[in-house]
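**Student:** heads up, no residue letters with this:
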């Protein structure tokens, strides 16, 4: 080996890169081994939930759900995660440990990544137990030799070869899982995803492409600079919201103008007046740009003014006087979503729960009321989870393991311009 001082700059760089590459390979292998360990730990926790369920004397479905919900909530709150997602993680870990032991072992050896294992697991969904061993061996071998992107079509072929049921029968069952979903993104954007049969999905994409090209061909690049991806998105939005397409670049808000939904948006008065462009907020979801906020406000049929403390931002009241309705409005504004740690279920899909049960002397007062979704409402009453509501609206949860978790009202967080005085 050459002495470092005698190396040329090129040889020194090559040697450094070789060391860096070896270090990254070793690090990735260590990460993979730790991820395999975590999956095994989660699978064991899932088995504990199954054992608890098997010992229940209550045969009801609700009772049988609670051990898993309880453990998922315990893990989620400790890890600052969502308990629904954690419940899925527990289920997936147990499924991988049971059905794909060879792939899990290859992950523990550092020969594949967690992304490889996730792809193997997803592709195995329809493979029955008799064929799983062969699929697991072949999938693990293929994964250790290629990238995830190249692996996916190989896995689809391996899974198809292992299938015993006809594709027509499996497709008929898979169609029942079709749906449309929204995932919020930064900067006032969101991702709309539709799960459809493959022919319909590609047919819809092809039609959007053809319509986008018609719009593009009708204008030159100077008057309509939108890319084909942007045009597809605008055509989709316009078709869904207005049943027509906006054919010019200066009409990008046709979809916004057609929105008539039950939403709650907070808008600074100065934004409505146009004196500033301070952003608004779709409550508990995402910031909204000033122009969109003014368009939504212009089409609104009813407004509710919310009064907040000038320093803390805490909600202190609303300005229509009906005692029970005032309480509901105040709680909706204060909570914005389910008050179990990590849950984002909006208030209009939640129950208003007495923190101290009415039957045990709890009062119907905002200091004893909070929104809980049905999942966490039942968890509170059917498991050892306990909660205390403080006068500032903070919920203090205590898990069955004795761990404490605080959930603060979302409306306590306020943003002001740096130049604004503190009082």
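**Tutor:** Okay, I see it. Given the structure is predicted, the values throughout are model-derived calculations rather than measurements.
**Student:** Tell me the secondary structure at the residue nearest the centre of the chain.
**Tutor:** Residue closest to the average C-alpha location in the chain (Cα atoms, centre = their mean): residue 183, at 6.3 Å. Three states are possible here, and by DSSP: H, G, I helix; E, B strand; the rest coil the one that applies to residue 183 is strand.
**Student:** Bridged to it, which residues?
**Tutor:** According to DSSP bridges, the partner residues bridging residue 183 are residue 191.
**Student:** For it, give me its contacts.
**Tutor:** With contact set as Cβ atoms under 8 Å, 6 or more residues apart in numbering, residue 183 has these partners: 190-191, 193. C-beta coordinates here come from the backbone N, C-alpha and C atoms, glycine included.
**Student:** Highest neighbour count among these?
**Tutor:** Each of the contacts of residue 183 was scored by neighbour count (other Cβ atoms under 10 Å); the top score is that of residue 190, with 12 neighbours.
**Student:** how near is the residue nearest to that one when sequence neighbours are not counted to residue 346?
**Tutor:** Residue nearest to residue 190 in three dimensions, not counting chain neighbours: residue 184, with 5.1 Å by Cβ to Cβ, 6 or more residues apart in numbering. Counting by Cβ to Cβ, to the nearest Å, the gap between residue 184 and residue 346 amounts to 12 Å.
**Student:** just residue 397 next, same as before
**Tutor:** When distances are taken as Cβ to Cβ, residue 397 and residue 346 turn out to be 20 Å apart.
**Student:** can you count the residues close to the residue nearest to residue 190?
**Tutor:** By other Cβ under 10 Å, the residues close to residue 184 number 13.
**Student:** Equivalent analysis for residue 38, please.
**Tutor:** Neighbour count of residue 38, defined by other Cβ under 10 Å: 13.
**Student:** got a list of what the residue lying closest to it once chain neighbours are set aside touches?
**Tutor:** When the adjacent residues along the chain are set aside, residue 38 lies closest to residue 93, with 7.9 Å between them (Cβ to Cβ, 6+ apart). Applying Cβ under 8 Å, 6+ apart, we find residue 93 in contact with 38-43, 46.
**Student:** Narrow the residues you listed to those in helices?
**Tutor:** Residues from the contacts of residue 93 lying in helices, with DSSP state H as the criterion: 38-43, 46.
**Student:** Neighbour-wise, which one of those leads?
**Tutor:** In terms of neighbours by other Cβ under 10 Å, these top out with residue 46 at 23 neighbours.
**Student:** separation between it and residue 72?
**Tutor:** With distances taken as Cβ to Cβ, residue 46 is found 9 Å from residue 72.
**Student:** got it, and residue 128?
**Tutor:** Taken as Cβ to Cβ, the spacing of residue 128 relative to residue 72 amounts to 27 Å.
**Student:** between those two, which one's more packed in?
**Tutor:** Using other Cβ under 10 Å as the criterion, residue 128 and residue 72 rank with residue 72 on top: 25 against 12.
**Student:** buried stuff in stretch 333-345?
**Tutor:** 333-343, 345 (16 or more other Cβ atoms under 10 Å).
**Student:** Touching, residue 232 and residue 209? I think so.
**Tutor:** Yes: in this structure residue 232 lies within contact range of residue 209 using Cβ atoms under 8 Å: 6.2 Å.
**Student:** neighbour-wise, which of these two wins?
**Tutor:** Summary of the neighbour comparison: residue 232 and residue 209, criterion other Cβ under 10 Å, with residue 232 having more neighbours (20 against 15).
**Student:** Just the pLDDT for the more buried one.
**Tutor:** Looking at residue 232, its pLDDT stands at 92.
**Student:** quick one: secondary structure of it?
**Tutor:** Following three-state DSSP, the label given to residue 232 is helix.
**Student:** residue contacts, it?
**Tutor:** Under the criterion of Cβ under 8 Å, 6+ apart, the contact list for residue 232 reads 205, 208-209, 212.
**Student:** Quick one: distance of the host helix or strand of residue 34 to the chain centre.
**Tutor:** Residue 34 is located in helix 9-54, with elements delineated by DSSP states H and E. Distance, stretch centre to chain centre, for helix 9-54: 24 Å (Cα atoms, centre = their mean, to the nearest Å).
**Student:** just checking, what packs against that helix?
**Tutor:** Applying 3 or more Cβ pairs under 8 Å, 6 or more residues apart in numbering; DSSP states H and E, we find helix 9-54 packed against helix 61-78, helix 83-99, helix 101-108.
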